[in-house]
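[1] Generate a structure from the sequence data that follows.
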Amino acid sequence: MASATLHPALARCGWLPPPGSRVLVALSGGVDSAVAAALLTTAGYEVIAATMKTWDEYRDRGEVDPRRAERGCCSMAAVADCLAICDVLHLPYHLLDLQEPFRAAVVTPFIAAYGAGRTPSPCVPCNAELKFGRLLEEADRLACAAIATGHYARRVGDAEPALWRGVDASRDQAYYLATLRPAALARACFPLGAITKAATRALARELKLPVAEKGESREICFVHDDYRHFLARAGGPGGEPGLMVDTTGRVVGRHTGIRDYTLGQRRHLGIAAAAPYYVVALRPATNEVVVGPAACLDHRKIEVEAMNWLAPLPANGHCTAQIRATAPATAATCEAHGDRLRLTFATPVRAPAPGQTVALFTGDRLLGGGTLARVVE
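    Here you go, the predicted model:
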């Protein structure tokens, strides 16, 4: 099937390893990673496919319908799809058991964060620690020059690699790669960075890949139902009922546990009021959920900790910052504040939540990212 000819999608995607190199492709069983593997294969690369077994759906049974879980990430159905893809593309296939590293790096911090009144971004540490951490170790073991994924992002440059947003703004996934270490970025390529999702589907059909019509994966791969149910089954902290108060301290109701609420939440508060209430703060120390009007959700200043830099911040401190995957990037000015970075936004951002990943950009170039430590009142 290899033709040693670059498809136009690959020719525009950014950095690629030398022609004919051995590349490890992170294959999930979805259409994106399948097309990434196919593009590299048809271009003459020696492709090896690897799937990370990160979660056992039956280990988290609880109220989950096993028939639904069986369709999820890391399920037997997903592995079967990977095998079918490899059969069409004639690829060697490796299934890696990374359940314990995944639990330690992603699931346990996820549970702890909600118990502490924070809002985690689990896909971000998964990318940094697993896909471009443990999987990169496998790439080394197999003497692969690079690792490839189906992310919609672009790696540009050789001597000083840079990460840029994907061309398809509606699918761009640079945010999820904000904590990727520079050494990992130097080995990464993203075959889909220069095309749209519609083009990916079209390529999958053209290449007769068995997952061409497969639906999208869920947002949190290890949560098969409501995340609150998952947290309850996990038995982590933050499940004790307590008081719900307004911004003046007046008791307006009771909550079911800090971990059941996120900043900006409006539904399921159980408060009868003339104007809508939103969750505007979580106070784990006193086990209080604070509610208030929508205006209380808008903030201009935040502090970010554990910054991972992929490119230097402009000398004037100006950049754009994205506080969640679905939020627009907003113009901001950055300055050092002790061991943290303080961001002042040009316009208020809605419901910044401690624990979220904050990604910084200049234009479409990703500068890096860290964790939202606190909102500066």
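[2] Hmm, L366 and A178 touching each other?
    Yes - here A178 reaches L366: they are 6.4 Å apart, a contact under CB atoms under 8 Å. The C-beta positions use only the backbone N, C-alpha and C, and glycine is treated the same way.
[3] Please enumerate the shared neighbours of those two.
    Here A178 and L366 have A359, L360 as joint contacts, going by CB atoms under 8 Å, 6 or more residues apart in numbering.
[4] which residues does V291 contact?
    Contacts of V291 by CB under 8 Å, 6+ apart are M244, V245, D246, T247, V252, L269, I271, Y277, Y278, V279, V280.
[5] Nearest spatial neighbour of I111, chain-adjacent residues omitted?
    G236 (3.8 Å; CB to CB, 6 or more residues apart in numbering).
[6] ok, how many other residues are close to the one you found?
    19 (other CB atoms under 10 Å).
[7] from what I can see it touches A113, true?
    No - using CB under 8 Å, G236 is not in contact with A113; the gap is 9.4 Å.
[8] so how far is E206 from the residue nearest to I111?
    46 Å (CB to CB, to the nearest Å).
[9] Please apply the same query to L6.
    Distance from L6 to E206, by CB to CB: 16 Å.
[10] more neighbours, the two?
    Neighbour totals were compared for L6 and E206, and L6 leads with 17 against 11 (other CB under 10 Å).
[11] how much space between the closest residue to the more buried one other than its chain neighbours and L16?
    In space, L6 comes closest to A43 once its chain neighbours are excluded; the distance is 5.2 Å by CB to CB, 6+ apart. Between A43 and L16 the distance, using CB to CB, works out to 8 Å.
[12] any idea how this structure splits into domains?
    Taking automatic domain parsing as the reference, the chain has its domains at 8-206, 239-292, 297-376.
[13] how about a markdown table for the ones you listed, with distance to F230 and mean pLDDT added?
    A markdown table is the format used below for the domains of the chain (distance: least, CB to CB, whole Å; pLDDT from 0 to 100):
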| stretch | distance to F230 | mean pLDDT |
| --- | --- | --- |
| domain 8-206 | 7 | 91 |
| domain 239-292 | 10 | 94 |
| domain 297-376 | 16 | 97 |
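[14] got CSV for those domains, with distance to H224 too?
    Shown next, in CSV, are the domains of the chain (distance: least, CB to CB, whole Å):
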stretch, distance to H224
domain 8-206, 5
domain 239-292, 18
domain 297-376, 20
